[in-house]
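1. Predicted structure and sequence below. I'll ask about it afterward.
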Amino acid sequence: MSEQRLGILGGMGPQATQDFYQRILDRTDAACDQEHLPTLILSDTGMPDRTTAILGGDAEGCYQRLLADARLLERSGCTVLAIPCNTSHFFADRLQKELEAPLIHMPRETVAVLARSGKRKVGVLATDGTVQTGVYQKECAAQGILAVAPPPEVQKLVMGIIYDEIKRGEKGSREKFAVIDRWLRGAGCDSAILACTELSVYRTYHSLPDYYLDAMDVLAERCITACGYKLRMV
C-alpha cells in the first residue's frame, strides 16, 4: 500500500466535509480497513465565511487561517491536501506556494474533466464569492471553455439553496433548482458545474442527470489516485 496520507481541510461546511469523506470511502477500491487511504480530517468550523470574507474585505484573515490549518495538516504527516470548499480555491495558488504537500485544485481538476469531454459552454453554480472572483471562469478560459454564471434573479435562488437550506440542515428546494435548470438549458449550456460543496450535498439528496458535473466527485477521485490508491468502478 502507498505511504501517502491525505489531509482534508474541512468544516466549510461540516456536512459537506462529511459527504466528501463518504465519497472517498465509496470510490476507493478497498475490501478491508487496511486498504483505505490514511486520512486526517481537520474540520475548522470557525473558519470565516469565505464569500463574506472575500467580498467584504477580510480576505487576508481567511487566507491566513487556511494557511495555518494546511500547515498543521502538513506537520501531522499529510502528504496530499484537499479543501472541499470551492470558494476557498480563490486562495489555492497562493496557498500552494507556501506548502510542500500538493494541494489538489478542485476547480482546475473539474474543468480538466470538462475539457476532456469536449464541453464548450458550461454554467457555473456557486456562491457569490466563487462567481464574482472568477475562480471557475479563469480555469475554463484556460481550457477554451466559456463559463457563464446565472443572472442575479437566478443566482439568488442558488444562494438560497446553499445558505438558507443546505447549510441549515435542509435537503434543498426542488422547485428552486428546477428554475435554475431551466435557465441553464435555455442559455445553451451543454453542461453545468456544481461548484459549491453544498450543492454537492443537494445532489446527494436529489437525483441529478449527468448534465451536472459535481466538483466534489472530481476532487474525491483525484484524492484517491494522488495517494496511489485505485478507484472502485461504479
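-> Good, I have the coordinates. Since the model is a prediction, treat every value here as computed from it, not as a measurement. Residues are numbered from 1 along each chain as shown.
2. switch to C-alpha atoms for all contacts and neighbour counts from now on
-> Noted.
3. Okay, now the unreliable bits of this structure?
-> 1-2 (pLDDT under 70).
4. Can you show me the helices along this structure?
-> Applying DSSP state H to the chain gives helices spanning 14-27, 50-56, 59-75, 92-97, 106-116, 128-132, 135-142, 152-159, 174-186, 197-205, 215-226.
5. Show me which residues of the last one are buried.
-> Read it as helix 215-226. Using 16 or more other Cα atoms under 10 Å as the test for burial, helix 215-226 gives 215-224, 226.
6. Pipe these into TSV and attach distance to I180 per row.
-> Converted to TSV, those look like this (distance: Cα to Cα, whole Å):
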residue	distance to I180
A215	18
M216	20
D217	21
V218	22
L219	24
A220	25
E221	27
R222	28
C223	30
I224	32
A226	34
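7. Show me this structure divided up by domain.
-> 6-105+218-226, 107-215 (automatic domain parsing).
8. Now tabulate these in JSON lines and tack on distance to M233.
-> Converted to JSON lines, these look like this (distance: least, Cα to Cα, whole Å):
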{"stretch": "domain 6-105+218-226", "distance to M233": "7"}
{"stretch": "domain 107-215", "distance to M233": "16"}
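9. Among those domains, which comes closest to R232?
-> Of all the domains of the chain, it is domain 6-105+218-226 that lies closest to R232, at 4.2 Å by Cα to Cα.
10. returning to what we had before: need the max-distance pair from the buried residues of helix 215-226.
-> A215 and A226 (16.1 Å).
11. Compute the first-to-last residue distance for stretch 170-177.
-> 14 Å (Cα to Cα, to the nearest Å).
12. Name the residues of that stretch that are buried.
-> For stretch 170-177, by 16+ other Cα under 10 Å, it's 171-172, 177.
13. next one: stretch 184-204
-> 184, 189, 191-203.
14. what does stretch 11-19 give?
-> Neighbour count says stretch 11-19 has 11-19 buried, by 16+ other Cα under 10 Å.
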